[in-house]
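1. sharing a model prediction with you, sequence too.
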Protein chains: 2
Amino acid sequence: MTTFDEATAVTRRAEGLYDVLPDARFAIVAPGGTTPPAINGGALLATVMRAVLSESPLPHPVATSAHFLRVAQLAPAEVQVTWLKHGRTAATARGALVQDGKVILDTTMTVGTVPGPEATGADEAGPDEPGPGVPGSAAPGRPPAASDSAAGLLTWTGPPPGFPAIEDCVDLGKWRGTTAADGTDGYAAQVEVLMDPSTVGWRRDEPSGLPEMRGYFRLRDGQEPDPYVLALAVDGLPPVVFGLGATGWAPTVELTWHMRAVPCPGPLAVAARARHVSGGWFDEEAEVWDAAGCLVAQSRQLARVGRGRIRGPKVDAVVDGVVAVVTSAVAADGRVAADGTGLNGA
Amino acid sequence: MTTFDEATAVTRRAEGLYDVLPDARFAIVAPGGTTPPAINGGALLATVMRAVLSESPLPHPVATSAHFLRVAQLAPAEVQVTWLKHGRTAATARGALVQDGKVILDTTMTVGTVPGPEATGADEAGPDEPGPGVPGSAAPGRPPAASDSAAGLLTWTGPPPGFPAIEDCVDLGKWRGTTAADGTDGYAAQVEVLMDPSTVGWRRDEPSGLPEMRGYFRLRDGQEPDPYVLALAVDGLPPVVFGLGATGWAPTVELTWHMRAVPCPGPLAVAARARHVSGGWFDEEAEVWDAAGCLVAQSRQLARVGRGRIRGPKVDAVVDGVVAVVTSAVAADGRVAADGTGLNGA
C-alpha cells in the first residue's frame, strides 16, 4: 500500500459509515504562515471518494462536487455516505466528512463509466512527449466504454495546453509549509511538482501577471495515477493567483471535478488558469492530461484570495483602493501575452 | 411578478421545507421527440435556489453544485433545505427537490457576497456594444464588495469571448419542443436566444464541427437578469455537441455554476464550449457576460450526448465503430478554425 493509499484509507464501521483519520503526511502549512496547519483538500476529497466508491455499482467518479466548510483536525473523523439514485448509466451519492459532529467537507458524487486508458504505459508516449491529444485522436478500434448508442461513439477533444518538456521544468522542491512544527513531513514531501518556468516568477517576487500555472504532477513514492490521484492533481499546483502577486493560503471554497478517462501510468500534466478575480474570490479551472496525451480530468474551483501581501512589479496602479493588475505582461521567458491568451492554449 | 418568478416560486411550509410546483411554462420537449416532456433544468435549479436564498444570511449564490437525478413531473413537489455552515464570508446549505419521496435534483450551495453591478443600466453600454471586459477594467473608485483585506482588492478578468453584434445574430425562435401536446407554450416561448451565426449550422444539417455555442439570452417578458436568471442562462443555449452533429435531448447530469458579479440590466451574452467528448459524456462550460461587459457567471456541466442520429457533412470517417469528427472545419461564416481555437476566444 502506498503512502497516499494509507493516508486516505477508510475503515467500514457500518453501511454508509466509515472511520477515517486525516493524515499528517498530507498536512499543509500556508506559506504566509498566517493559518493553522490544514490537511490538503485533495487528500480529504480522495478519502471521501474511497468511501463512496467502495459501495458504488459503477467504477468511475465522473462528477464530484465538493464544498469545503471547515479545517480538518488531525484527529479521528467519519465519512457518511447516502445514496440518492442507482441508475444503469449513473448513480449518485452524498458523501460527508464529519468531525466532532460538524461537516468538514460535503460532497456529491455521480459515478459512471468512462473510457480508457488509451495507452497501457508511459512507454508508448513518454512524459517528455505528451501524445497529440488532438481532436479525433481516439484510437480507432477501441470503442469507448459505456457506448450504448451512436452517441457513445462520438469523440472529440480540444487542443491541449502547451506544456514544456518535463526536463525543462522547475522542481518546486519541498516548499515552505512542507514540514510541520514537530518535524513531520507534510503534503509537499509526498508530491513532485515540476513547473513550467514561465509560471513561477512569483517565487522570486516577479509574478508573471497572468493567473496561470502549468506543470507535471506525480507522487514521490511512485504511485501511478488513479481516480484518487486525479482528485489530488486537479488542485495540485500552486494557486493561480500567485501569478498576479497574491500570497498566502488560498482556501478552496468549492471544487467540482470530472473524470473523463482512465489515466495511463506516468506523470500527469496539469494546466490551471483563472478567468476572473474580484471581491476576494477567484476561479481556478484545471485540466489534467495523462502521459499518453489524453485529457483525463477537468476541474473548476472557487477559492478565496490569500490574505498575504500583494507582491511583485506587475502591480500597475493602486487607484482609490483598487489594485489593477496589468496583464499585457511579458512572461518570465520573454513571451508576450498581450491579452491573456496564448500561454494556456485553451 | 414575472412569468419566471411565478414559475419558480416557493411557498414556505416549515423551516427548511417548501412547496413547489414544476411549471409547464418551462417544460421542454426534445427536438428528437424521443423523450418525455421535462422541465428545463435551469428553472428547477432556480426554484431550489429561491428556497435556499430565502433563508440565507448572505445575498449571493457564489457556488452552486447541482446533480440532476430524475425527470421532474408536472405535479407538486417540495424543496428541503439543510444548512451545513454559517460563516461570516460564506455559508453552505444543501437543497433538494423531492417528488414522490425521490430526489429529483440535489444541490449544494455556498452563499456569499460578490461585487457589482458595474453599471446600473444597459444605457451605459448597450447590448450592441458589450463593454471591454478586459483585464483591469474594474471601475476605479468602486471597491468590490466583501473586501476585508488587500486580497479583496485584487481584480483581474480574462479576455471576453468574441460576441457578434446582437443585430447580426440569428433568432432561434420558438424551436421544436416549444409547445406541449396540449398546446401549452413551454420553455422556448419564455426565452429569447439570439445566436452567433457561426454556431447554428446544425439547424440546416451543417454543424460547424466545433462544440461551441455563443449567443444572447433574455426573458421574453422583459425580466432583467438576477441570480435566478443567471442559473437559467448558464444552460440556456442549445447543447454544444449539436456543433459536432449530435441531436436529441442532451440531459445534464451535473452542473456547477459560480456567480461572480451582480449583473446589470440588459441581455446576457453567453459563450459555451466543450473540451472533451467520449463514452457518451461531454462537458459544457459556459461564461455569462452582462450588458456592461462584466463576467457575471461561469458554469461547467457534465451531460450525456443525445441518442439521436449524428448529422451533417462534418463526420469524417467511421472506422471500426469509432466516429471521428474532423475539426479543421470551415465554420459557417467561412472562418477557418484549424485547431478548435480562435472562435471561442478563451
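-> Alright, I've got the coordinates. Numbering: from 1, shown residues only, chains lettered A, B, ... in the order given.

2. part of a helix, is residue A:311?
-> No. The assignment for residue A:311 (DSSP: H, G, I helix; E, B strand; the rest coil) gives coil, which keeps it out of a helix.

3. what sits against the most centrally placed residue in chain A?
-> Taking CA atoms, centre = their mean, the centroid of chain A lies closest to residue A:234, which sits 1.5 Å from it. Taking CB atoms under 8 Å, 6 or more residues apart in numbering or on different chains, we find residue A:234 in contact with A:42, A:255, A:257, A:270, A:286, A:288, A:297, A:298, A:299. C-beta: built from backbone N, CA, C; applies to glycine.

4. name the nearest residue to it, sequence neighbours excluded.
-> For residue A:234, ignoring the flanking residues on the chain, the nearest one in space by CB to CB, 6 or more residues apart in numbering or on different chains is residue A:299 at 3.7 Å.

5. quick one: that neighbour and residue A:254 touch, right?
-> No. Taking contact to mean CB atoms under 8 Å, the distance of 10.6 Å between residue A:299 and residue A:254 leaves them out of contact.

6. let me see the ranges of the helices in chain A.
-> A:3-7, A:41-53, A:187-190, A:227-233 (DSSP state H).

7. least confident of those, on average?
-> Ranked by mean pLDDT, the helices of chain A bottom out at helix A:187-190, with a mean of 89.

8. what's in contact with that helix?
-> Residues from elsewhere that reach helix A:187-190 (CB under 8 Å, 6+ apart): A:3-4, A:7, A:25-28, A:40, A:43, A:172-175, A:177-179, A:219-221.

9. can you show me the CA trace of that helix as PDB?
-> C-alpha atoms of helix A:187-190 as PDB (Å, rounded to 0.1, in the frame of the first residue of the first chain):
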ATOM      1  CA  TYR A 187       2.000  17.300   1.700                       C
ATOM      2  CA  ALA A 188       4.800  18.800  -0.300                       C
ATOM      3  CA  ALA A 189       7.100  15.900   0.700                       C
ATOM      4  CA  GLN A 190       4.700  13.500  -0.900                       C
END
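
10. starting at the chain centroid, how far to stretch A:3-23?
-> If you compare the mean C-alpha spot of stretch A:3-23 with that of the full chain, they lie 21 Å apart, counting by CA atoms, centre = their mean, to the nearest Å.

11. endpoints of that stretch, how far apart?
-> With CA to CA, to the nearest Å applied, stretch A:3-23 spans 10 Å between its terminal residues.

12. that one near chain B at all?
-> No. With CB under 8 Å from any CB of the partner chain as the criterion, chain B is not reached by stretch A:3-23; the gap is at least 15.7 Å.

13. flag every buried residue along that stretch.
-> Within stretch A:3-23, the residues that qualify as buried by neighbour count (16 or more other CB atoms under 10 Å in any protein chain shown) are A:3, A:4, A:5, A:7, A:8, A:9, A:10, A:16, A:18, A:20, A:22, A:23.

14. and which of these is nearest chain B?
-> Checking the buried residues of stretch A:3-23 against chain B by CB to the nearest CB gives residue A:16 as the nearest, at 15.7 Å.

15. just the pLDDT at the residue lying closest to the closest one once chain neighbours are set aside, thanks.
-> In space, residue A:16 comes closest to residue A:81 once its chain neighbours are excluded; the distance is 4.4 Å by CB to CB, 6+ apart. Residue A:81 is assigned a pLDDT of 98 by the prediction.

16. shouldn't residue A:81 be in contact with residue A:17?
-> Yes. Using CB under 8 Å, residue A:81 is in contact with residue A:17, at 7.5 Å.

17. surely residue A:118 and residue A:264 touch.
-> Yes. In terms of CB under 8 Å, residue A:118 counts as a neighbour of residue A:264; the distance is 6.6 Å.

18. which residues are in contact with both of the two?
-> Any residue near both residue A:118 and residue A:264 by CB under 8 Å, 6+ apart counts here, and that gives A:290, A:292, A:294.

19. phi, psi for the second one please.
-> Residue A:292 adopts backbone torsions of phi -90, psi 10, taken as degrees, to the nearest 10.

20. check what pLDDT residue A:153 gets.
-> Confidence per residue is given as pLDDT, and for residue A:153 that number is 83.

21. how many residues are close by it?
-> 20 (other CB atoms under 10 Å in any protein chain shown).

22. quickly note the distance from it to residue A:262.
-> Here the distance between residue A:153 and residue A:262 works out to 18 Å (CB to CB, to the nearest Å).
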